[in-house]
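Novice: got a structure for you, letters missing:
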Ligand code: UD1
């Protein structure tokens, strides 16, 4: 039988796989360390390029992973299966008290599935950070990952108050749900002074408040020329008003090349993907950000920068009702994107933190570790 003192010795195993996970695990690891709680950092290797992984670890002072599964790119089934197969022996050996998964990427679901089957044998529990967000669109791989991870988790840690009703509606018992706020915003507020010291804008030759930022990587936007073309036309129209800086995601780059659309990328200031601090500096200085990323909808709300979301729906509606976000009309067209951009410019910028949902206060990691212990 496990005694309570053996229990506290067992590490908390924290899973990270893809770029948007890294800003969520950084403050959790730091808080575990501050309290003297042992942790085991597992990187699945879903993202592996320097700019998509190592550079962000460096920016956020995240220690080297205790293990990197090195699974790399592949189809959804390949990625999920490879993580599962590689994670199982690691979990058996690490014997953690908790497996903490964050967000909604394939690694999140794969590790939750493995842990759920070994839960009894090892005596570990699963905590999902960012639980309860729903786009109500099962065509999105992330929606499948979110719903199933929430179903498997013992502890559902929610980032905003809209999440709990979603979980209750799916039959999740209320006692498993704990509101902790948005841990990614812990990272943002901690890093903002450092980001403001960078000379990125000067290097790019843009003026604070006088340029737009765009990011695109959702398969629903970039995997077909019929969707990618109108989005790029919309961004090109914006570029006639002000420079549009587009850090190009590898998926978007690959697809634009195969659809013969790279000429359209050239009408924007297309640059390589940025590490965390540079991206924060870029968003912080923007007049408007146009994006299909979930995390950037949240970060722009925290920064007070107007955001136009280039998607049919969002799993983060709180950024519209209590933040600076607006949805471009669907389906995306040049005219619709331009009209949303004009609306966002007219709305103007706010000070960071001026209009934020509750719990987006830089203290979410404290509440997360409280909930674990
Ligand atoms: C994944 C996540 C998505 C998240 C996004 C952030 C899933 C289902 N999707 O999508 O939720 O918003 O990450 O980036 O988990 N590639 C590289 N270097 C890398 C990683 C990928 O060049 O380090 C290239 C590969 O060609 C790969 C493609 O990018 O095939 C797509 O990567 P993948 O991890 O499959 O999906 P993302 O689109 O990044």
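Specialist: All right, it came through fine. In this text the structure is predicted, and so the values were computed from the model without any measurement. Numbering: from 1, shown residues only.
Novice: Show me the helices in the stretch 101-250 of the chain, by range?
Specialist: Secondary structure of the stretch 101-250 of the chain, counting by DSSP state H, counting those that start in this stretch: helices at 106-122, 141-152, 163-169, 183-196, 200-204, 219-222, 225-239, 250-258.
Novice: List just the one of those that sits closest to residue 129.
Specialist: Closest to residue 129 of the helices of the stretch 101-250 of the chain, according to CB to CB: helix 183-196, at 6.1 Å. Glycine gets a C-beta too; all of them are placed from N, C-alpha and C.
Novice: re earlier: residue 175: which of the helices of the stretch 101-250 of the chain is closest?
Specialist: Closest approach to residue 175 among those (CB to CB): helix 163-169, 11.3 Å.
Novice: still on that earlier bit, so for residue 37, which of the helices of the stretch 101-250 of the chain sits nearest?
Specialist: Of all these, helix 183-196 sits nearest to residue 37, with 16.2 Å by CB to CB.
Novice: Flag every buried residue along the closest one.
Specialist: 183-192, 195 (16 or more other CB atoms under 10 Å).
Novice: Greatest separation within those: which pair is it?
Specialist: Using CB to CB, the pair of the buried residues of helix 183-196 lying farthest apart is 183 and 195, separated by 17.9 Å.
Novice: mind putting the helices of the stretch 101-250 of the chain in CSV, mean pLDDT and distance to residue 347 included?
Specialist: As requested, the helices of the stretch 101-250 of the chain are exported to CSV (pLDDT from 0 to 100; distance: least, CB to CB, whole Å):
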stretch, mean pLDDT, distance to residue 347
helix 106-122, 98, 33
helix 141-152, 98, 27
helix 163-169, 98, 26
helix 183-196, 98, 20
helix 200-204, 98, 22
helix 219-222, 97, 23
helix 225-239, 98, 15
helix 250-258, 97, 27
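Novice: Span of stretch 231-249 from start to end?
Specialist: One end of stretch 231-249 to the other measures 15 Å (CA to CA, to the nearest Å).
Novice: before we move on, what about stretch 240-249?
Specialist: Terminal-residue distance, stretch 240-249 (CA to CA): 23 Å.
Novice: Begin at 550, not 1, for the rest of this chat.
Specialist: Got it, first residue is 550 now, which makes that one stretch 789-798.
Novice: buried stuff in that stretch?
Specialist: Quick answer for stretch 789-798 (16+ other CB under 10 Å): 791-798.
Novice: Can you tell me what sits against that stretch?
Specialist: For stretch 789-798, the external contacting residues (CB atoms under 8 Å, 6 or more residues apart in numbering) are 753, 755, 759-766, 771, 784, 787, 805, 814, 817-823, 828, 831, 835-836, 839, 890.
Novice: Point out where the chain drops to low pLDDT.
Specialist: Within the chain, the ranges that satisfy pLDDT under 70 run 550-557.
Novice: now with 50?
Specialist: For the chain, the stretches with pLDDT under 50 are 550-556.
Novice: Do a quick rundown of the strands in the protein.
Specialist: In the chain, strands defined by DSSP state E lie at 561-565, 588-592, 616-617, 647-651, 674-678, 704-707, 726-728, 761-764, 793-796, 818-820, 837-840, 856-858, 874-876, listed in chain order.
Novice: With distance to residue 905 as extra columns, can I get the ones you listed in TSV?
Specialist: As requested, those are exported to TSV (distance: least, CB to CB, whole Å):
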stretch	distance to residue 905
strand 561-565	25
strand 588-592	28
strand 616-617	34
strand 647-651	20
strand 674-678	18
strand 704-707	16
strand 726-728	15
strand 761-764	20
strand 793-796	25
strand 818-820	29
strand 837-840	16
strand 856-858	13
strand 874-876	12
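Novice: Residue 660 is nearest to which of those strands?
Specialist: Among the strands of the chain, strand 561-565 sits nearest to residue 660 (CB to CB), with 4.6 Å.
Novice: just checking, what packs against the closest one?
Specialist: Judged by 3 or more CB pairs under 8 Å, 6 or more residues apart in numbering; DSSP states H and E, the packing partners of strand 561-565 are helix 568-583, strand 588-592, strand 647-651, helix 655-671.
Novice: looking at the strands of the chain, which is closest to the ligand?
Specialist: Across the strands of the chain, the ligand has its closest neighbour in strand 761-764 (9.4 Å, CB to the nearest ligand atom).
Novice: so how far is that closest one from its chain's centroid?
Specialist: Computed by CA atoms, centre = their mean, to the nearest Å, the chain-centroid distance of strand 761-764 equals 16 Å.
Novice: Other residues contacting that strand?
Specialist: The list of residues contacting strand 761-764 from outside it, by CB under 8 Å, 6+ apart, reads 784, 787-788, 791-796, 798, 817, 831-832, 835-842, 845, 890.
Novice: picking that back up, derive a ChimeraX selection command for the buried subset of the contacts of stretch 789-798.
Specialist: Per 16+ other CB under 10 Å, the buried members of the contacts of stretch 789-798 correspond to this ChimeraX selection:
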select :753,755,760,761,762,763,764,765,766,771,784,787,805,814,817,818,819,822,823,828,831,835,836,839,890
